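K.L.:
attaching a predicted model along with its sequence, questions to come.
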Amino acid sequence: MSEILLKSPGRETPVVVEVQRCREGECGDYRVQLDQDAHDVEVICVDDGSAVLRIHGRIVPVCVLRDGNRMNVWVRGRIYVLERVERVARRASSGAATTAQQSALSAPMPGTILKIHVSAGDSFAAHQPLIVMESMKMEMTLSAPHDGRIREVLCRPGQLVEMGALLVRFEDGPGDESSR
Amino acid sequence: MSEILLKSPGRETPVVVEVQRCREGECGDYRVQLDQDAHDVEVICVDDGSAVLRIHGRIVPVCVLRDGNRMNVWVRGRIYVLERVERVARRASSGAATTAQQSALSAPMPGTILKIHVSAGDSFAAHQPLIVMESMKMEMTLSAPHDGRIREVLCRPGQLVEMGALLVRFEDGPGDESSR
Amino acid sequence: MFKKVLIANRGEIAVRIAATLQEMGITAVGVYSDPDRRAVHVRACDEGYPLSGRTSSETYLRGDKIIEIAKMHGVDAIHPGYGFLSENEDFAQMCHDAGITFIGPSPKVIRDMGDKIIAKTTFAAAGVPVVPGWSGDASADGKALNSEAGRIGYPILVKAAAGGGGKGMRVVEKEADLAAAVEAAQREAGAAFGDSRVFLEKYITRPRHVEIQIFGDAHGNVVHLFERECSIQRRHQKIIEESPSPALTPELRAKMGQAAVTAAKAIGYTNAGTVEFILDPEGNFYFLEVNTRLQVEHPVTELVTHRDLVRAQLHVAAGHPLPFSQDELTQDGHAIECRIYAEDPARGFLPSIGTLGRYIEPRGPGIRVDSGVEQGSEVSVYYDPMLAKLICRGRTREEAIEKTVWALDRYVIMGVTTNVAFLRDVLTHPEFQRGNLHTHFLAEHPIGPSTDEIPRDAWIAAALLSGAASSRGQSLLTATAAPSGPWESAGAWRGP
Amino acid sequence: MFKKVLIANRGEIAVRIAATLQEMGITAVGVYSDPDRRAVHVRACDEGYPLSGRTSSETYLRGDKIIEIAKMHGVDAIHPGYGFLSENEDFAQMCHDAGITFIGPSPKVIRDMGDKIIAKTTFAAAGVPVVPGWSGDASADGKALNSEAGRIGYPILVKAAAGGGGKGMRVVEKEADLAAAVEAAQREAGAAFGDSRVFLEKYITRPRHVEIQIFGDAHGNVVHLFERECSIQRRHQKIIEESPSPALTPELRAKMGQAAVTAAKAIGYTNAGTVEFILDPEGNFYFLEVNTRLQVEHPVTELVTHRDLVRAQLHVAAGHPLPFSQDELTQDGHAIECRIYAEDPARGFLPSIGTLGRYIEPRGPGIRVDSGVEQGSEVSVYYDPMLAKLICRGRTREEAIEKTVWALDRYVIMGVTTNVAFLRDVLTHPEFQRGNLHTHFLAEHPIGPSTDEIPRDAWIAAALLSGAASSRGQSLLTATAAPSGPWESAGAWRGP
């Protein structure tokens, strides 16, 4: 019997899934306890990361692509993200920075910087266009996530930037991690 | 530089193929010397047993399925068999038994024995039907490869036999391995 | 319309039927034998239930087990596919008695048409030309047999009354061989169909096999969906089918279509069926038999009529009128089907078994592959060695041949011997390309590779991919690959 | 007919063109950039030559390099596909000067139709209705711009004269935004086409995008192959196309087809082309632009006319007459194309890059997937994020939708975010199913998964396939598998 803790990324509370291998020595049959219900699962076949399950007679092809503790699960044309949680219940870092102010703007995609509308020291308002970049042959405007002031510009027009590259750094706004 | 000896199954003389990896450190480029001609071969990509080669600009998808020293090579819808030969030129066992008399009849396919026309001690003539079996839902008659006499019958009607299973053994005929 | 349909079959036809059911929002229920537990057709269904056992007679031929599963899981209707229980009137009746729709004609029509002797009589009565023959009791009296055969004239064809697919069939050239051929045919027929009766027929030399697809509904409508020519056969089994037939003029097509429809109406035919004819070199056609089911080669008709025949079967079985009238049907373009068999053309088409070490299907516009296997599948002794059907369509016969050759050249099947290269050689044979087909085509035109020469590319591939080229005894190319063996991780499904 | 044709393109369209060439016995020559060295399209060709460089402008846009390769290897003709050099009149002229056939219209027609302003004038002169607009020098005088926009009336559409595919296009709702929009459109147009001219057009609210496929030959014949409705767009780019359009009556279809043919004849149009119209809710249609090439969505037309448009292009380019007359062409059944993009519908359709860790295409009768990727392919920043096109055909629109939904449900693409589930949600939206389409469909009908609920099957799959379930920290299921990592040996091609 194994126990796995899974949660969907937005949620706090993990779900405990118990997996029991039935009929020792025989292949392919598991009992999976999820919430109140137990499911008899037969594994019809499995390739690395893909499997066809039979759950109460229903044939269910699935694919799982792992990325660390994150699992992308394909079921019938849709992909769901689940996270594996360690048994030691470390309180998730309480969603810091999700609604708090950002401290910088970074490139959402690799691409080329076309235009920079601001310089260090400039104030800006929420939704104001700050940078125009081109990525995959499309032009895209990066706007301010909130009101603030530019501390530093870290790119220049024509520059090819990687995904996640810091483009401008903001002065610390009125909010910080402790405030909501 | 490596040297490989290959031969087609029917032939005696192996062909020496020299393979040289070009541009040390770079991937995918080989010089293959075959008979008088040298071929520049680029390996566009490779999966286990399959590859796409570029030979003088021509794109050539190939698949190789190995079975010991035998290689089945798929090229453009056809499969060719080649054998790898060891450097130490051991004289192939001179095709013994190819035209000589067989000493037994074995099942060419797995299947079920339907009828046995002969018993131990019976004489038979070449092409005489000896055994009827069913395989893959088809009836098939196994006939005598030459004149001879049955030494032993090793199967019974209704029996499920594996491929290659000995069905009847013959008395040694007038020919043996040394005769042609 | 039905909510849940059970497919009482396996392999490519089960996969193909499941797709149409699912598109229509109908739950597809699969059944499987022990060796088929991981088969492609099970995974293609929405639900799957085991028929414990290994052989066909323990599993896919067990109507009782199948109806029990159907009742337990709320199945409305059963699609029998082809082969197995598809032409078994008892099974059709059992379905009916269990309140489950059998997707096919009525038990009576199946029985009458399944008996080749009754079928012949029925069609003759409806004015359809039939081949001269004799259907007396062949096992009773050797003398009567010989005398009737003499009357018909050699060569004679011995056929099973309950037969199909070439089983229980023998050509006899002279009287001396007749008794043995009848005995063999009876034994084979008994084993295959549980009915050992055989009959004799005049054997027509160099005939074409041309069949008409028919379709009837419960409201008395019957239409035909034109012909398929299936003259390219080995061991009396079709391997290449096409539509239109290169032999048919519009007049002959209309005449044969009308003959099939007339006879089908006379017997109250419903659902899909095929009326098989032989066509002699002078353009005379003779009724051969009726197949009361979906045919292996039905995709050829689907690609020229642009209709989904399984969808139409479901409509008709649900009591709806036929979704097409004769006037709406057209024969557009040209389609060719090649049956891909695990068999060795060089050894009398003997089936070949093994594991599909490498299996890559061709794909592209106008190319359809109906298959029930994948890389890693086992081709076993338990079932038919047909792996897949390659069906290609072009504007003209020439274009359809071009496309088929293109696809065959790109079809990779390794691990078992197949007829892929053989099919290519047939398609590129000048007489095939001229459309000069008959059922002895393969006997008259020995087909073989034009040369034994192994091409340079093969030597180069073998040298580069052999285990000899690198200093470590590994292949030069796999040396940089993952540590797994050449085939272990080649994408094949395997048991957990 | 040509002996050797070079395909000056990449991805799915190069793969698709190669198949037709090879079927016809023509050698297909591919070219490739450095990142595409192992791409699917290279392997689909018979010969392949490098265009050293990484970006499009270093490779697929380098007409000089391509013509040099063509001359060196004895190429007769060049097929430009779509995008890249396909609508570049200079390249067409360079081909001509080098004695190589450019498969497309004449350089003059490409130039005239490529200039949206000239095209509009030409079509208006031929009696085809055009949208009210202004094509003065937008950069010269802000005042004139505002006054002309005022005359046309807001909302206004700013479009690039050399444009296509939504690049250099902006909708302006009010005068205050006009100058900025013109500037942005000019910048984008300049970067994309090397021509920053833009023009203004009346923006028609809730229009349908309906286009007519035309085809002309060197003998003065021009036909149309009916319409495609391409109203479902995001970022001004089509993502779902279908034929027939649910909006067209036979009368309107004939009228639009005739308008397209009349104008095409007036300009001496040869080879394949598309005349794009917008159709307002009252059934008025206005000329939009001509695309002088094979369209991305051409398979939709192929599946309802049962013609191979690339084959026809080759015939016409070789100087043969059109292989079909207007009377021979019919529109049979219904076809839908979905463009499969690596993009995130939840984040404004922002492109997504990465490796296709898992890629399995749906397959079945009536399903066509034109793709240029495979498992293991890298989706990079260098090229368009379209991975594939899924094209399905049914007898009716309802059947075509059913089949498309079936196929989308079975399409596995993991490693990048795609629009697969989004497309499914569009197809099953009641307004889509009613055929109530217009180019703002996606803006007006927010499409999202009906629920955030993660289904039980996903929890079960994650639990069984996670690394946590076995005592050894391996997945329960991969514990018995080969020792390689979950994706390392998943059948992806890799470098040697």
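P.N.:
Thanks, I have it.

K.L.:
okay, now the domains of chain A?
P.N.:
Described in terms of automatic domain parsing, the domain architecture of chain A consists of the residue ranges A:2-93, A:101-179.

K.L.:
wait, does the longest one contact chain B?
P.N.:
No: contact check for domain A:2-93 against chain B, using C-beta under 8 Å from any C-beta of the partner chain: none in range, with a minimum separation of 13.5 Å. C-beta: built from backbone N, CA, C; applies to glycine.

K.L.:
ok, now stretch C:402-410?
P.N.:
Yes: applying C-beta under 8 Å from any C-beta, one finds that stretch C:402-410 is in contact with chain B at C:408, C:409, C:410.

K.L.:
and the first one, how far from chain A?
P.N.:
Read that as residue C:408. Per C-beta to the nearest C-beta, to the nearest Å, residue C:408 is found 27 Å from chain A.

K.L.:
does that residue really touch residue C:427, like I thought?
P.N.:
Yes: the pair residue C:408 and residue C:427 passes the contact test of C-beta atoms under 8 Å, sitting 7.4 Å apart.

K.L.:
give me the common contacts of these two.
P.N.:
With contacts taken as C-beta atoms under 8 Å, 6 or more residues apart in numbering or on different chains, the residues that reach both residue C:408 and residue C:427 are residue C:338.

K.L.:
quick one, which of those two is more surrounded?
P.N.:
Each of residue C:408 and residue C:427 has its neighbours counted (other C-beta atoms under 10 Å in any protein chain shown); residue C:408 has more, 25 against 19.

K.L.:
the residue in the stretch 301-450 of chain C that chain A sits nearest to: neighbour count?
P.N.:
Going by C-beta to the nearest C-beta, chain A is nearest to residue C:376 of the stretch 301-450 of chain C, at 8.8 Å. Using other C-beta under 10 Å, the number of residues around residue C:376 comes to 21.

K.L.:
assumed it was part of a strand.
P.N.:
No: secondary structure assignment (DSSP: H, G, I helix; E, B strand; the rest coil) places residue C:376 in coil, not in a strand.

K.L.:
is it true that it touches residue C:355?
P.N.:
Yes: the pair residue C:376 / residue C:355 is scored as a contact, 6.8 Å apart, by C-beta under 8 Å.

K.L.:
now the worst-scoring helix or strand of chain A on mean pLDDT: buried residues?
P.N.:
The element with the least model confidence among the helices and strands of chain A, by mean pLDDT, DSSP states H and E, is strand A:138-143, at a mean of 78. The neighbour-count criterion (16 or more other C-beta atoms under 10 Å in any protein chain shown) identifies A:138, A:139, A:140, A:142 as the buried residues of strand A:138-143.

K.L.:
hmm, that strand in reach of chain D?
P.N.:
Yes: taking C-beta under 8 Å from any C-beta as the criterion, strand A:138-143 and chain D are in contact, through A:138, A:139, A:140.

K.L.:
show me what from the stretch 201-350 of chain C comes close to chain D.
P.N.:
The stretch 201-350 of chain C comes close to chain D at residues C:299, C:302, C:306, C:307, C:308, C:311, C:323, C:332, C:333, as judged by C-beta under 8 Å from any C-beta.

K.L.:
turn those residues into a markdown table, including pLDDT and neighbour count.
P.N.:
Written out in a markdown table, the entries for those read as follows (pLDDT from 0 to 100; neighbours: other C-beta atoms under 10 Å in any protein chain shown):
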| residue | pLDDT | neighbour count |
| --- | --- | --- |
| C:299 | 98 | 25 |
| C:302 | 98 | 25 |
| C:306 | 96 | 22 |
| C:307 | 97 | 20 |
| C:308 | 97 | 24 |
| C:311 | 98 | 19 |
| C:323 | 96 | 17 |
| C:332 | 96 | 16 |
| C:333 | 97 | 21 |
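
K.L.:
from chain B, how far out is the residue of the stretch 301-450 of chain C closest to chain A?
P.N.:
Here the criterion is C-beta to the nearest C-beta. By it, residue C:376 lies 13 Å from chain B.

K.L.:
domains of chain C?
P.N.:
When chain C is cut into domains by automatic domain parsing, you get C:4-103, C:132-202, C:208-444, C:456-494.

K.L.:
wait, is residue C:303 part of a helix?
P.N.:
Yes: the secondary structure assignment for residue C:303 places it in a helix, going by three-state DSSP.

K.L.:
which strand or helix spans the closest residue to it other than its chain neighbours?
P.N.:
Setting aside the residues directly before and after it, residue C:303 is nearest to residue C:335 in space (C-beta to C-beta, 6 or more residues apart in numbering or on different chains), at 3.8 Å. Assignment of secondary structure by DSSP states H and E places residue C:335 within strand C:334-341.

K.L.:
show me what that strand is packed against.
P.N.:
Applying 3 or more C-beta pairs under 8 Å, 6 or more residues apart in numbering or on different chains; DSSP states H and E, one finds that strand C:334-341 contacts strand C:237-243, helix C:298-305, strand C:386-394, helix C:397-409, helix C:420-427.

K.L.:
turn these into CSV, including distance to residue B:36.
P.N.:
Output for the helices and strands packed on strand C:334-341, formatted as CSV (distance: least, C-beta to C-beta, whole Å):
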stretch, distance to residue B:36
strand C:237-243, 42
helix C:298-305, 49
strand C:386-394, 39
helix C:397-409, 29
helix C:420-427, 29
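
K.L.:
out of the ones you listed, nearest to residue C:289?
P.N.:
With C-beta to C-beta as the measure, strand C:237-243 is the member of the helices and strands packed on strand C:334-341 nearest residue C:289 (13.4 Å).

K.L.:
that closest one pairs with which strands?
P.N.:
In the sheet containing strand C:237-243, the strands it pairs with under DSSP bridges are strand C:222-234 (antiparallel), strand C:334-341 (antiparallel).

K.L.:
just to revisit the earlier point, helix or strand right after the strand holding residue C:335?
P.N.:
As assigned by DSSP H and E, the chain's next helix or strand after strand C:334-341 is strand C:343-344.

K.L.:
now the helix or strand following that following strand: mean pLDDT?
P.N.:
Beyond strand C:343-344 on the C-terminal side, the first helix or strand identified by DSSP H and E is strand C:350-351. For strand C:350-351, mean pLDDT rounds to 91.

K.L.:
which strands or helices does strand C:350-351 pack on?
P.N.:
Counting contacts by 3+ C-beta pairs under 8 Å, 6+ apart, the secondary-structure elements packed against strand C:350-351 are strand C:343-344.

K.L.:
for the strand it packs on, the averaged confidence score.
P.N.:
Strand C:343-344 comes out with an average pLDDT of 94.

K.L.:
which SS state does residue C:289 fall under?
P.N.:
Local secondary structure at residue C:289 is given as strand here, using three-state DSSP.

K.L.:
neighbours around it, how many?
P.N.:
Counted by other C-beta under 10 Å, the residues lying close to residue C:289 total 20.

K.L.:
for it, give me its contacts.
P.N.:
Remark: with contacts taken as C-beta under 8 Å, 6+ apart, residue C:289 is in contact with C:113, C:116, C:119, C:120, C:164, C:276.

K.L.:
residue C:351 too?
P.N.:
Residue C:351 sits next to B:109, B:135, B:136, B:138, C:341, C:342, C:343, C:381, C:385 when contact means C-beta under 8 Å, 6+ apart.

K.L.:
change it to 6 Å
P.N.:
Neighbouring residues of residue C:351 by C-beta atoms under 6 Å, 6 or more residues apart in numbering or on different chains: B:136, C:343, C:385.

K.L.:
same deal with residue C:420?
P.N.:
Shown here is residue C:420, whose contacts under the criterion C-beta under 6 Å, 6+ apart are C:408, C:411.

K.L.:
thank you kindly, that will do.
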